[in-house]
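K.L.:
What follows is a predicted protein model with its sequence.
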Amino acid sequence: MMGFSIIDLIADAFTDCSAEQLAIASAILFVAILYHVSKPLPVPSDLPGPTRYPWIGYLGHCIKHWHQWPTETTRLAKLYKRTWGGPLPNFGGLPGAYFYIHEERNLRHILKDSFDNYEKGDMWQHCLGEMLGRGIFAVDGEMWVVHRKLMSNMFSRNLLRHSAKVTRDKLFAILESFEERDCNGRGFDIDLQDVFFRLTIDTTCITTFGIDLGSVNKEEQHAFARAFDELSFLCQKRFLDPLFRLKKTLRLTWRERRIRALKKVIDGFAYEVIANKRRSSEEGSPLGLDLLSRFIEHGKKTNQQFTNTDLRDVIMNVMLAGRDTTASDEASRGRREIVDEVESVCGVGEEAEYTYDTMAKLEYTHCVAMEVLRLHPSVTNDPRFAVKDDVLPDGTQIPAGAGMDLCFYAMGRKEDIWGDDALQFRPERFLDGKEPSPFVYPVFNAGPRMCLGKPLALMNMKLGMAILLTSKFQFEDHIGHSGEYLWTLVESMKGGFRVNVRRKTCVK
């Protein structure tokens, strides 16, 4: 008895076909297979959202508005007044459907009550792997628990005191550079955002690596800092590229080849520092207060084996959090009130004390920092992915595998949370001293993934405002920034923030 395989049957079917018919049949088969493996996930029929088309869903709307996605998701949250979203192709960086979350009850459900069902997912690994590796921001499950437990032990009060001193010294170095530039007393223009980025790359590197890049005093930033910024920007572009995995594997585009080159720069620097720290530890030399030294010492005491890759990934995750999320929000208002409070609490002139303890006493300055972050959260939209089918508290049905966009930017501007003056800058709204729920103020995330660096970030913001605004210099936005932002992994001011720096006419 003769047996036949599927391949035999297909071959027989196409035996008498012409080349043209074969080409058409192959194309139809390819499209059918592509649709089958990448068809969108089912979404509720009553789910509001932008116009949808077969297979691509609302992808066209995403592409059109991607450069200002935080603003667009805020507009649509106000328009629909509930969870919204739609289907997308299910391949590349796209999960088949996305749902946009901007209500407290739904955010609490995802970030706390059903925490195990909403993960960072593989997409973070695929898109940001060159930068974050297997660090705390990119992993889930048991590995995340291990990272979280280790990191929570490292963010001690001693680290905060050490960081306060590092930041204070760097701020005084910035003021010294201003003195040199203003030798004729006529003032000068400067990109203040660039100054803050340099400040935070220096302070974060000292706090994490124990290495001072000296960026605030150099014309050109360190190669590591430049590579870090560019890598962050290029990796973020993968999220909307359905073919990025193919491009990444085969190195088909300039972007993917550039990402590999930048990773070599970052890894070369990181592994050299790690090797030097290990050598010092083995020789019995005292290590510093930086996080890398603390991890190495912790490993020796507990007999835990941290590979160089483990240490690299931990440090790069801290670098991303400390370097970008602080630098993006250093600008402040309410200058007179800040100056009065700082001089009252910290003192005046050379006798002033800018420390962890004095920063903790600055109430109004703290409110300014909170208000800046409410309107301009560093992380504007934070993704999660559903492990299993679920139903949100508002009744929205979520299919397994769907993406959830947590709209932190939109939540900071909602009138039903912050009142009719939600779009106004009013620090006084925080003066009652009661911290808002992280599920209505998710600037530092919420639930088990609540940001460990929150006290550090707020302290550094207050130090920046306290020292610069009470200095002999004044800062004027004489051009008038448009308010437009550049959206990458974090929010920053588009085109930088050019201000005029000149000496105050009257210094107390």
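P.N.:
Alright, I've got the coordinates. Residues are numbered from 1 along each chain as shown.
K.L.:
what stretches of this protein score poorly on pLDDT?
P.N.:
1-17, 21-22, 25-27, 29-37, 135-139, 322-333, 489, 506-508 (pLDDT under 70).
K.L.:
Quick one: the strands in it, in order.
P.N.:
Taking DSSP state E to define them, one finds strands in the chain at 84-87, 97-101, 118-119, 188-191, 381-386, 390-391, 397-398, 403-407, 473-476, 485-487, 491-493, 498-503.
K.L.:
Tell me the helices and strands packed up against the first one.
P.N.:
In other words, strand 84-87. Identification of packing neighbours for strand 84-87 by 3 or more CB pairs under 8 Å, 6 or more residues apart in numbering; DSSP states H and E yields strand 97-101. Bear in mind the C-beta positions are built from the backbone N, C-alpha and C, glycine included.
K.L.:
what residues does the strand it packs on touch?
P.N.:
40-43, 47, 57, 73, 76-77, 83-88, 107, 110, 392, 396, 398-399, 401-407, 410 (CB atoms under 8 Å, 6 or more residues apart in numbering).
K.L.:
what's the offset of it from the middle of its chain?
P.N.:
Put simply, strand 97-101 sits 19 Å off its chain's centre (CA atoms, centre = their mean, to the nearest Å).
K.L.:
what's the distance between Y271 and K78?
P.N.:
Distance check for Y271 against K78: by CB to CB, to the nearest Å, it reads 48 Å.
K.L.:
thinking again about what came up before, to H65, which of the strands of the chain lies closest?
P.N.:
Shortest distance between H65 and those, using CB to CB, is found for strand 485-487: 10.6 Å.
K.L.:
Tell me the strands beside the closest one, with direction?
P.N.:
In the sheet, strand 485-487 lines up against strand 491-493 (antiparallel) (DSSP bridges).
K.L.:
Could you check how far the partner strand is from the centre of its chain?
P.N.:
With CA atoms, centre = their mean, you get 11 Å for strand 491-493.
K.L.:
Can you give me the buried ones in it?
P.N.:
491-493 (16 or more other CB atoms under 10 Å).
K.L.:
who's in contact with the nearest residue to G210 once chain neighbours are set aside?
P.N.:
In space, and not counting its chain neighbours, G210 is closest to D290: 3.6 Å by CB to CB, 6 or more residues apart in numbering. Applying CB under 8 Å, 6+ apart to D290 gives the contacts 206-210.
K.L.:
let's go with 6 Å and repeat that
P.N.:
207-210 (CB atoms under 6 Å, 6 or more residues apart in numbering).
K.L.:
One more: L160?
P.N.:
So L160 contacts Y356 (CB under 6 Å, 6+ apart).
K.L.:
Name the residues linked to Y98 by a beta bridge.
P.N.:
What pairs with Y98, by the bridge criterion (DSSP bridges), is G86, G403.
K.L.:
just Q474 next, same as before
P.N.:
Counting by DSSP bridges, Q474 forms beta bridges with R502.
K.L.:
hang on, it packs against K504?
P.N.:
Yes: with contact defined as CB atoms under 6 Å, Q474 counts as touching K504 (5.0 Å).
K.L.:
These two: which is more packed in?
P.N.:
Shown here are Q474 and K504; by other CB atoms under 10 Å, Q474 has more neighbours (17 against 10).
K.L.:
and that one, how far is that from G419?
P.N.:
With CB to CB as the criterion, Q474 and G419 are 32 Å apart.
K.L.:
can you check P95 too?
P.N.:
For P95 relative to G419 (CB to CB), the value is 35 Å.
K.L.:
Return the set of buried residues in stretch 372-389.
P.N.:
372-386.
K.L.:
For Y409, which residues are in contact?
P.N.:
70, 74, 377, 380.
K.L.:
Just the helices from the stretch 51-200 of the chain, written as ranges.
P.N.:
With DSSP state H, counting those that start in this stretch, the ranges of helices along the stretch 51-200 of the chain come out as 59-65, 69-80, 104-108, 122-132, 141-154, 157-181, 192-208.
K.L.:
Mean neighbour count, these: which tops it?
P.N.:
helix 192-208 (a mean of 24; mean count of other CB atoms under 10 Å).
K.L.:
just checking, what packs against that one?
P.N.:
helix 157-181, helix 308-327 (3 or more CB pairs under 6 Å, 6 or more residues apart in numbering; DSSP states H and E).
K.L.:
Can you give the contact residues for the shortest one?
P.N.:
Counting by CB under 6 Å, 6+ apart, helix 308-327 makes contact with 132-137, 196-197, 200-201, 204, 208, 270-271, 274, 292, 378, 453, 457, 460, 490, all of which sit outside it.
K.L.:
how does it look with 7 Å?
P.N.:
The set of residues external to helix 308-327 that reach it, using CB atoms under 7 Å, 6 or more residues apart in numbering, is 131-137, 196-197, 200-201, 204, 207-209, 228, 267, 270-271, 274, 291-292, 295, 378-379, 453, 457, 460-461, 489-490.
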